[in-house]
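Asks: predicted model and sequence below, questions to follow.
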Amino acid sequence: MKFALAILLLLSPAVLGRRLLQDGCADLSALDAVPEVSDVVTLLKGFNLLPNGIPEGVTVFLPSNTAVQALISQVAPLVPGGVTVETLPEAIKSPLLASVNVEERLVSALIYHIAPVGAAEPSELVAEGTIPTVLSEATPGFDLQFAAGPDGNYTVTYNNAKPTVANTSDPILACGSAVYVIDQVMIPTDLLNSDFPLTTVAEAQALLAGGGGASAPAPAPEA
């Protein structure tokens, strides 16, 4: 009995250096314990994309607050007086921002960071290489690449003509899913480019719930 208990302790997430978040799974409050991603959590709440919390059995790449602010800066010039993550969901309903589908663009960017591949360990993601995303279920071709870095770290990349490479943390085990903190927002092109994929909130909610749905047509990403 003592031997079995010792093995269980050695294999526990805490001993393995992994953070385990099991409280607050009915909403996103489980991620309150990860303050470095509070901005993207605020956006997810503002768009009501995950009203029932982190879905079980997915891998989520959450950009750091610094990375999210860089994304917001692409929208801020279009909003008189600027915008914050708290005010953005309402600000984008203005006629100007609605005319260029800013909401649909941001929703696409958010679901691009969620991979329906189970709560994957880094070794599993490296072995897989190309990782499907919720966005790729709506607009085929919008996958991510996961690889081992030269310094024992891991990277997430969008493989287009000008790839964005994000460094990632070790996974945080949260509510039956794996959460990685990354230092870049993974978007396939500049947010306001004409070829950016468009996904409505309703379409994203259906995809995240496993109910299908399709985003507005967009060109496939460059090879």
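Replies: Perfect, I can see it now. Residues are numbered from 1 along each chain as shown.
Asks: phi and psi next, for the residue most central in space within the chain.
Replies: Centroid-nearest residue in the chain, with Cα atoms, centre = their mean: His113, separated by 2.6 Å. Reported as degrees, to the nearest 10, the phi and psi values for His113 are phi -100, psi 10.
Asks: any idea how many residues pack against the nearest residue to Lys93 once chain neighbours are set aside?
Replies: Distances taken as Cβ to Cβ, 6 or more residues apart in numbering place Glu103 nearest to Lys93, at 7.3 Å, with adjacent residues excluded. Any C-beta I mention is one placed from the backbone N, CA and C, and that applies to glycine too. Neighbour count for Glu103, taken as other Cβ atoms under 10 Å: 20.
Asks: contact partners for Glu103?
Replies: Glu103 is in contact with Phe47, Pro89, Ile92, Lys93, Leu97, Thr200, Val201, counting by Cβ atoms under 8 Å, 6 or more residues apart in numbering.
Asks: which secondary structure element contains it?
Replies: Using DSSP states H and E, Glu103 falls within helix 102-111.
Asks: same question, Ala67
Replies: Using DSSP H and E, Ala67 falls within helix 65-75.
Asks: check Ser194 too.
Replies: Per DSSP H and E, there is no helix or strand for Ser194.
Asks: okay, the residue lying closest to the residue nearest to the centre of the chain once chain neighbours are set aside: pLDDT?
Replies: Leaving aside its sequence neighbours, His113 sits nearest to Phe61 (Cβ to Cβ, 6+ apart; 4.5 Å). pLDDT, Phe61: 97.
Asks: picking up where we left off before, between the contacts of Glu103, which has the most around it?
Replies: Compared across those, Ile92 has the highest neighbour count, 23 neighbours, by other Cβ under 10 Å.
Asks: from Val107, how far off is that residue?
Replies: As judged by Cβ to Cβ, to the nearest Å, Ile92 and Val107 stand 10 Å apart.
Asks: what residues are shared contacts of those two?
Replies: Residues touching both Ile92 and Val107 (Cβ under 8 Å, 6+ apart): there are none.
Asks: angle of the helix holding Glu103 against helix 65-75?
Replies: When axes from the mean of the first three to the mean of the last three Cα atoms, to 10 degrees is applied, the directions of helix 102-111 and helix 65-75 differ by 160 degrees.
Asks: picking that back up, per-residue confidence at the residue nearest to Lys93?
Replies: Here the pLDDT value assigned to Glu103 is 93.
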